[in-house]
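In: Need coordinates for the below:
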Amino acid sequence: GDAAPVPEAPMVDASEYLQEQEEQMPFTALEEPVKKFQFPKLAFLSGLWRLNLSHMTGNVHVKHGIIIGLGILLIFGSIFATLFYLHKADITLVQKSTSIQREIQVGKELTISQKTTKVSASETIDTTGSKYVGEKAKGSITLYNAESKSVTIEKGTILKAGDDQFVLDEDVKIASASGQVTSDGNVLTVTGKATAALTAKEIGPEYNVKKETKFSIANRSPSAQFAVAANNFAGGSKKEVQIASRQDLTTLQNKVESAISKKAADAVVSSGGSNIISKLTEVETTKEKFSSEVAQEADSVTLTTDANVTVYSYATNDMKDILAAALASSVKSDTSLANDHISFAISQASKDGDVFKLSVKTKAKLAPQVQVTQVAKSLRGKNASALQDLFDPTMDVDSYEAVIKTPIPFLKSTVPFFTRNIALQLKLK
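Out: This is a model prediction of the structure:
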């Protein structure tokens, strides 16, 4: 007889089917982590493998129809599993923001910790001072006295050769001058003489004067007393050298103190992750040693210091919570303020006993509130390159970035069909 007609496979609307499957499944919050991959339990297939087709051996067409139906179900099951587990999107919305700035006074509401640490530090800098060093020229002189009485020239008296000054090394007594009659009847005056040692007042080779150089004597008339170099003066020298200046030592002290404070602060931060109030840091120096003193010749100078350092710190999150509370009155009901969008700097800090007062410059970014889950639902199945027009104008979305991850090539520009697979992140411009 004629063979029975092959039953046709039922036609299924894919979008309706996927929507029904999602509505039947429990909703998973967007913030929850995606669970480990696991194929859904398709209970309706569990008994098909045990189906006895032996009684259908006489009807080949029916048997083929069942096999085709099973194949279609498996295909749809595979597609569903792929869309449900492997089709995902990371979408970042960049919102326009407004900012507010305020100077906020913070006191006892902030918990401040104190820690004292023993710290050693050593720093070296190049010296910037300079001076001339050298030797003074020395020589012998002959002093002359033309007066009729003896005179004494005291030690330390200044003698000058031109503009160069010299100092008498000892007291010198010069005999009086005497008169002698020459053969032609003239009277010849013979001056009194004495020798003495003379040293230049300053260092330098310009004081190495030649023999026979004439010297005037301070507070003496050149016609009454004067002196002449008895030999060539020698030993005068001068050169410029680097020295440690007082400013160098002050600069080095400041540098070492900063290094000590930083070491103490780093120790606190590394152990507890707190912020340091640098304006309150106290440094008590217990030992200080310079490698050179002021005006000592040196190309560089080193300072080694031991100190007890007391630092005061606070937790960043605690500070942001306090600032957010202080700014709450400035935040409108349709905008949001997150701690991540608060930046601050301590401009002033003081401590009176156990009472701290901080003046904190605060800046915060505000953005329109966004219902993340609702936005994610509105983007399901949409073209990832054309989402801008789908955002509510009140969200003030300036731009967005969508990264689609799927093994199905023709879905690489399509937002997932399941809300749970859409990770939505907000950023502020």
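In: When you work out contacts or count neighbours from here on, use the C-alpha atoms and nothing else.
Out: OK.
In: wouldn't A224 be in contact with S148 here?
Out: No - contact criterion Cα atoms under 8 Å: A224 and S148 do not qualify, at 9.7 Å.
In: the strands in the stretch 51-200 of the chain, which residues?
Out: Secondary structure of the stretch 51-200 of the chain (DSSP state E, counting those that start in this stretch): strands at 88-95, 98-106, 113-126, 129-133, 136-145, 151-153, 158-161, 164-168, 172-174, 178-181, 187-190, 192-203.
In: tell me the centre residue of the protein?
Out: K262 (11.1 Å; Cα atoms, centre = their mean).
In: And the helix or strand where it lies, what does it pack against?
Out: Per DSSP states H and E: K262 is located in helix 246-272. Judged by 3 or more Cα pairs under 8 Å, 6 or more residues apart in numbering; DSSP states H and E, helix 246-272 is in contact with strand 113-126, strand 275-276, strand 300-314.
In: Go through those and name the closest to Q253.
Out: Distance to Q253, taken as Cα to Cα, is lowest for strand 300-314 among those, at 7.3 Å.
In: Walk me through which strands that closest one pairs with, and which way each runs.
Out: strand 113-126 (antiparallel), strand 275-276 (antiparallel), strand 282-290 (antiparallel) (DSSP bridges).
In: Pull the distance from the shortest one to the chain's centre.
Out: I take that to be strand 275-276. Relative to the chain's own centre, strand 275-276 is displaced by 14 Å; criterion: Cα atoms, centre = their mean, to the nearest Å.
In: Would you mind measuring from P407 to L86?
Out: Applying Cα to Cα, to the nearest Å, the value for P407 to L86 is 7 Å.
In: Give me the below-cutoff pLDDT ranges for this structure.
Out: Scanning the chain for pLDDT under 70 picks out the ranges 1-61, 185, 187, 271-273.
In: how many neighbours does the closest residue to I203 other than its chain neighbours have?
Out: Leaving out its chain neighbours, the residue that sits closest to I203 by Cα to Cα, 6 or more residues apart in numbering is K136, at 4.3 Å. Counted with other Cα atoms under 10 Å, residues neighbouring K136 total 22.
In: K136 against K201, yeah?
Out: Yes - with contacts counted by Cα under 8 Å, K136 reaches K201, the gap being 7.2 Å.
In: give the contact list for N339.
Out: Going by Cα atoms under 8 Å, 6 or more residues apart in numbering, N339 touches N317, K320, D321, A324.
In: From those residues, which land in helices?
Out: Here DSSP state H is the test, and these give N317, K320, D321, A324 as lying in helices.
In: The last one - nearest residue in space that isn't next to it in sequence?
Out: Right, A324. Using Cα to Cα, 6+ apart and skipping the chain neighbours, the partner closest in space to A324 is N339 (6.8 Å).
In: One more: the first one?
Out: Using Cα to Cα, 6+ apart and skipping the chain neighbours, the partner closest in space to N317 is N339 (7.9 Å).
In: Please apply the same query to the third one.
Out: Setting aside the residues directly before and after it, D321 is nearest to N339 in space (Cα to Cα, 6+ apart), at 7.1 Å.
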